[in-house]
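Participant: This is a predicted model, with the sequence first.
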Amino acid sequence: MDYKKLSELLFPNIEKTTEYYEALYPERNLPEGAKVTRLGPSPTGFIHLGNLYGAFVDERLAHQSEGVFFLRIEDTDDKRLVEGAEEIIINSLRFFGINFDEGVTSKGDIGAYGDYTQSHRGEIYQCFAKKLVEEGKAYPCFLTEEEINNIRNNQEEIKANPGIYGKWATSRNLTMEEIEEKLSKKLPYVVRLKSDGDLSKSDENIRRIKVKDAIRGVLDMPENDQDTVILKATGIPTYHFAHVVDDHLMRTTHVVRGAEWLPSLPIHVELFEKLGWQPPVYCHTAQLMKLDEEGNKRKLSKRKDPELSLDYYRNEGYHPKAVREYLLTILNSNFEEWRIANPDLDIEEFEFTTEKMSNSGALFDLNKLNDISKDVLLKISKEELYDFLKNWADEFRSEDENMVEILKDRAYLEKILDIGRKEAKPRKDHIYAKQMVENISYFFDSMFKIEDEMPKEAEADVKVILEKYLESYDHTDDQSQWFDKIRVIAEELGYAAKPKDFKKNPDMYKGHVGHVSTVIRIGLMGRQQSPDVWEIQQILGEAKVRERLSNFLK
RNA sequence: GGCUCUAUGGUCAAGUGGUUAAGACUCCGCCCUCUCACGGCGGCUACCCGGGUUCGAAUCCCGGUAGAGUCACCA
């Protein structure tokens, strides 16, 4: 077989040589140890927590080592294109603090290793495919879908491994004449790798490949024997081929990807070998899991788990810092300890390492996120909190008139957001925007309503309690003066001034001062539970306090 | 089914031959307290199973089991 002739036949328009591209994209001039990483999303516009998790690893690895982190759009699947997806991806990641140094941006490519969109790189892939054909390492395959199905059925019957390999790869044996004839009939074909692998040998004779993985240590698996498609009938490369060519040419040093790629690693290794290149360092991350309906762990799926989309967290109003902090706790097992020891340091100061990464799938834990979020929001100033709420409302609650009222008076809202946060043991009321809004809604007349029942201990005295309270109310009282008055009212009406007295002798009293103040609380806030009443009254102002209580008495 | 990965409490996890098997979240109880939150104290609950190796195994070896991933002209 004249492979040179075959390659010319298949790729008549490819004139550039592989040397041309090697020279065009030389080794990067970076400091010792600098890592080059990349994110290669397919442009469906959908990213979930798992993608962010991986992106975070890429970002940390690159930026901790003075390296480069670039964005490459992997749009080799023409069936899944979504308009404007790149924009969404870039914006979502930026929101969560992930920024690229190089690659696709909304204003075109940045960097010397482009083009960074795979669909624009057809000529490059074809050039390297041509080289493989020329060296007899790849070949055209004319198998139709039907023929492939038949092969699979046969394989199933005799319990052979499925796929196109070895004797099943019938197009390997085509003569030049047969190929020329099929080509002249314009029959569609793909280009397949001609694998040297052979898995039909006895176990101990099968060649095993050993690849170092920065997270998992040495990977040891059987070599590839599949004649994997490298160029589809359309001339577009498959992921496997694009990955190998791009990451070589773009001089990627570390490939971070999900563990679902582990099984195809032998294919990539063989491709690197056939092309004569050094593979990058692989970092196969554990997948984020969730509990499905049957109670089993399952990989996060973009189709089934829309609630794990990044948009969900933005929509709920989680602060990006909280999400980052959470991700880091499941990413690096020593992060939590570090955080406890260094509560005020920036996340960037933490030394992230692949060695400390878990390689089993972590279950997403909303409780933990919420807990972390409380601490994160506590450290954010009231001014910043206001801006955060404002931006969130602009983006996700633009139709909500309540939000307009909430945001109308900046000073007022800031005071509300800061309730109880300055004490030595500060309140941690805030978790995420949506929750915050619900939490503080009673401060605003349009949302204020009586939500809770009066305590049954004081039900009969509601009217008289509120009347006495209004009568004695002095807005200039300090907190202890204010509460002393409530004690007086309680005692006058037969309630214990201290809850402990009531607990000791429940028969002597109707209830205790707590029940009395709960009545006031409901009159003022409509709820049985709230932060300190005195503090809230100071924020509401005297007029509003009197108005609400009077209205309640009507 | 083949191949691969994983296996410590409800969850996330320390742990690399000798520990009373850390810690965080959740849950429960108590304390603080006008409610809630915060905080403090305490509690429940764990080394998948079976064989080895060893004076000694969560840790090493072998064999099971379970869960997950993958086996496309998707990525």
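Facilitator: Yep, it's here. Numbers count the residues shown, from 1 in each chain, chains lettered A, B, ... in the order given.
Participant: Name the residues of the stretch 451-554 of chain A found near RNA strand B, please.
Facilitator: Residues of the stretch 451-554 of chain A lying close to RNA strand B (Cβ under 7 Å from any atom of the strand) are A:479, A:483, A:498-499, A:513-514, A:517-518, A:521, A:528-534. All C-beta spots, glycine's among them, are computed from the backbone N, C-alpha and C.
Participant: same check, this time on the stretch 101-250 of chain A
Facilitator: A:143-145, A:148, A:152, A:159, A:161-164, A:188-190, A:203, A:216, A:219-222, A:229, A:232-234, A:236, A:238-239.
Participant: Now list the buried members of the residues of the stretch 451-554 of chain A next to RNA strand B.
Facilitator: A:483, A:513, A:514, A:517, A:518, A:521, A:530, A:531, A:533 (16 or more other Cβ atoms under 10 Å).
Participant: Mind putting those residues into JSON lines with secondary structure and pLDDT?
Facilitator: As requested, those are exported to JSON lines (DSSP: H, G, I helix; E, B strand; the rest coil; pLDDT from 0 to 100):
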{"residue": "A:483", "secondary structure": "helix", "pLDDT": "94"}
{"residue": "A:513", "secondary structure": "helix", "pLDDT": "94"}
{"residue": "A:514", "secondary structure": "helix", "pLDDT": "94"}
{"residue": "A:517", "secondary structure": "helix", "pLDDT": "95"}
{"residue": "A:518", "secondary structure": "helix", "pLDDT": "95"}
{"residue": "A:521", "secondary structure": "helix", "pLDDT": "96"}
{"residue": "A:530", "secondary structure": "coil", "pLDDT": "95"}
{"residue": "A:531", "secondary structure": "coil", "pLDDT": "96"}
{"residue": "A:533", "secondary structure": "helix", "pLDDT": "96"}
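Participant: For residue A:380, state which of those is nearest.
Facilitator: Using Cβ to Cβ, residue A:531 comes nearest to residue A:380 of these, at 18.0 Å.
Participant: returning to that earlier point: could the buried ones among the residues of the stretch 451-554 of chain A next to RNA strand B go into JSON lines alongside distance to residue A:267?
Facilitator: JSON lines is the format used below for those (distance: Cβ to Cβ, whole Å):
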{"residue": "A:483", "distance to residue A:267": "73"}
{"residue": "A:513", "distance to residue A:267": "74"}
{"residue": "A:514", "distance to residue A:267": "69"}
{"residue": "A:517", "distance to residue A:267": "70"}
{"residue": "A:518", "distance to residue A:267": "68"}
{"residue": "A:521", "distance to residue A:267": "66"}
{"residue": "A:530", "distance to residue A:267": "61"}
{"residue": "A:531", "distance to residue A:267": "60"}
{"residue": "A:533", "distance to residue A:267": "67"}
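Participant: Identify the farthest-apart pair in those residues.
Facilitator: A:513 and A:531 (17.5 Å).
Participant: which SSE is residue A:371 in?
Facilitator: helix A:366-378 (DSSP states H and E).
Participant: The next helix or strand after that helix: how far from the chain's middle?
Facilitator: Next along the chain after helix A:366-378, taking DSSP H and E as the criterion, comes helix A:382-396. Relative to its chain's centre, helix A:382-396 lies at 21 Å (Cα atoms, centre = their mean, to the nearest Å).
Participant: For helix A:382-396, C-alpha coordinates in CSV please.
Facilitator: Output in CSV follows, covering the C-alpha atoms of helix A:382-396 (Å, rounded to 0.1, in the frame of the first residue of the first chain):
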residue,chain,number,x,y,z
LYS,A,382,-23.2,46.1,54.8
GLU,A,383,-22.4,48.3,51.9
GLU,A,384,-21.1,45.4,49.8
LEU,A,385,-24.1,43.4,50.9
TYR,A,386,-26.4,46.1,49.6
ASP,A,387,-24.6,46.1,46.3
PHE,A,388,-24.8,42.4,46.1
LEU,A,389,-28.5,42.4,46.7
LYS,A,390,-29.0,45.2,44.2
ASN,A,391,-27.1,43.4,41.5
TRP,A,392,-28.9,40.2,42.2
ALA,A,393,-32.3,41.9,42.1
ASP,A,394,-31.5,43.7,38.9
GLU,A,395,-30.6,40.4,37.2
PHE,A,396,-33.1,38.0,38.6
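Participant: May I see the buried residues of that helix?
Facilitator: Buried, per 16+ other Cβ under 10 Å, within helix A:382-396: A:382, A:385, A:386, A:388, A:389, A:390, A:392, A:393, A:396.
Participant: Ok, stretch A:236-256 next?
Facilitator: A:236-250, A:252-256.
Participant: per-residue confidence at residue A:505?
Facilitator: pLDDT for residue A:505: 85.
Participant: how about the helix holding residue A:371: buried residues?
Facilitator: Buried residues in helix A:366-378 (16+ other Cβ under 10 Å): A:369, A:372, A:373, A:374, A:376, A:377.
Participant: centre of the chain versus stretch A:395-408, how much separation?
Facilitator: 27 Å.
Participant: distance between the ends of that stretch?
Facilitator: 16 Å (Cα to Cα, to the nearest Å).
Participant: In CSV, list the C-alpha atoms belonging to the stretch of helix or strand residue A:471 belongs to.
Facilitator: According to DSSP H and E, residue A:471 maps onto helix A:462-472. C-alpha atoms of helix A:462-472 as CSV (Å, rounded to 0.1, in the frame of the first residue of the first chain):
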residue,chain,number,x,y,z
VAL,A,462,-53.1,40.5,73.6
LYS,A,463,-55.1,43.7,73.6
VAL,A,464,-54.2,44.8,77.1
ILE,A,465,-50.5,44.0,76.6
LEU,A,466,-50.3,46.1,73.5
GLU,A,467,-52.2,48.9,74.9
LYS,A,468,-50.0,49.1,78.0
TYR,A,469,-47.0,48.8,75.8
LEU,A,470,-48.0,51.6,73.6
GLU,A,471,-48.8,53.7,76.6
SER,A,472,-45.4,53.3,78.2
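Participant: contacts with RNA strand B among the buried residues of helix A:382-396, please.
Facilitator: Okay, of the buried residues of helix A:382-396, nothing touches RNA strand B (Cβ under 7 Å from any atom of the strand).
Participant: Dump the residues you listed into CSV; add pLDDT as well.
Facilitator: Shown next, in CSV, are the buried residues of helix A:382-396 (pLDDT from 0 to 100):
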residue, pLDDT
A:382, 96
A:385, 97
A:386, 97
A:388, 97
A:389, 97
A:390, 97
A:392, 97
A:393, 97
A:396, 95
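Participant: In the stretch 51-200 of chain A, what residue spans correspond to strands?
Facilitator: A:68-71, A:102-103, A:138-141, A:190-193 (DSSP state E, counting those that start in this stretch).
Participant: Reformat those strands as a markdown table; add mean pLDDT, distance to residue A:40 and mean neighbour count.
Facilitator: Converted to a markdown table, the strands of the stretch 51-200 of chain A look like this (pLDDT from 0 to 100; distance: least, Cβ to Cβ, whole Å; neighbours: other Cβ atoms under 10 Å):
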| stretch | mean pLDDT | distance to residue A:40 | mean neighbour count |
| --- | --- | --- | --- |
| strand A:68-71 | 97 | 8 | 24 |
| strand A:102-103 | 96 | 10 | 22 |
| strand A:138-141 | 97 | 23 | 24 |
| strand A:190-193 | 97 | 20 | 24 |
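Participant: and residue A:59, which of those strands is closest to it?
Facilitator: Closest to residue A:59 of those is strand A:68-71 (Cβ to Cβ; 5.5 Å).
Participant: Mind giving me the packing neighbours of that closest one?
Facilitator: For strand A:68-71, the packing partners by 3 or more Cβ pairs under 8 Å, 6 or more residues apart in numbering; DSSP states H and E come out as strand A:36-39, helix A:49-64, strand A:102-103.
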